[in-house]
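Novice: Predicted model, plus sequence, below.
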Amino acid sequence: GAVVSQHPSWVICKSGTSVKIECRSLDFQATTMFWYRQFPKQSLMLMATSNEGSKATYEQGVEKDKFLINHASLTLSTLTVTSAHPEDSSFYICSARARGRQETQYFGPGTRLLVL
Amino acid sequence: AQSVTQLDSQVPVFEEAPVELRCNYSSSVSVYLFWYVQYPNQGLQLLLKYLSGSTLVKSINGFEAEFNKSQTSFHLRKPSVHISDTAEYFCAVSRGGSNYKLTFGKGTLLTVNP
């Protein structure tokens, strides 16, 4: 149980284009989803927290107009990197917190983004 | 604010040897503690967690960790490692509250050599 999927697993795009990443909780309802960014050989940095049906809360230094987060249902959150640039290339990981097990986050497999 | 320190960035060991990955945290309130494992190019998998109760927690694949409040530590141990245990291990802490935000350590790369 507590499986989280991400799609796509990797994406290559041209500079200036927008990329959407989906995060789904497959066997539970996710009241809260989190989006992280991980640079090579580094730890995870929390970008934003999203609760179903409400606006995401962004961490300090994260541009909310560049990283659009939508949490439209209890099983789906999306992260859209708008007007991507090479410095946005990274490994993006989502996690989800289940109703009734709110102390634990379950992570997706990650999406590797390469912006050329 | 809370923080997590993983004292070793890399730990090389031989197969079947014991291993300890160290984790210390700082927090002014009670916390929940986690160890996650990340295999190359994959997301994080929950290895074990301490929420309350017994201070010794175990995973299904032989790892265990002990919560030591006085030393503010949550070290991860395994008495005999396998090649397949090679991975990055992250210690994380969160506190109660509406968001349960996780604060991660920088990770420890465990490399098990034959």
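Specialist: That came through, no problem. Numbering: from 1, shown residues only, chains lettered A, B, ... in the order given.
Novice: Show the low-confidence segments of chain B, by residue range.
Specialist: Along chain B, the model assigns pLDDT under 70 to residues B:96-99.
Novice: Three-state assignment for the residue nearest to the spatial centre of it, please.
Specialist: Centroid check for chain B by CA atoms, centre = their mean gives residue B:35 as the closest residue, at 3.4 Å. What DSSP: H, G, I helix; E, B strand; the rest coil gives for residue B:35 is strand.
Novice: Would you check that it makes contact with residue B:50?
Specialist: No - when contacts are counted by CB atoms under 8 Å, residue B:35 is not listed as touching residue B:50 (9.2 Å). Bear in mind the C-beta positions are built from the backbone N, C-alpha and C, glycine included.
Novice: returning to what we had before: for the residue nearest to the centre of chain B, which non-adjacent residue is spatially closest?
Specialist: Using CB to CB, 6 or more residues apart in numbering or on different chains and skipping the chain neighbours, the partner closest in space to residue B:35 is residue B:47 (4.4 Å).
Novice: quick one, what contacts the one you found?
Specialist: Taking CB atoms under 8 Å, 6 or more residues apart in numbering or on different chains, we find residue B:47 in contact with B:34, B:35, B:36, B:37, B:59, B:63, B:76, B:89.
Novice: Quick check: phi and psi at the closest residue in space to residue A:101 that isn't next to it in sequence.
Specialist: With CB to CB, 6+ apart as the criterion, residue A:101 has its nearest non-adjacent residue at 7.7 Å, and that residue is residue A:2. With angles defined as degrees, to the nearest 10, residue A:2 sits at phi 60, psi 60.
Novice: interface residues of chain A facing chain B?
Specialist: A:4, A:6, A:32, A:34, A:42-44, A:46, A:49, A:57, A:93, A:95, A:97, A:102-110, A:112 (CB under 8 Å from any CB of the partner chain).
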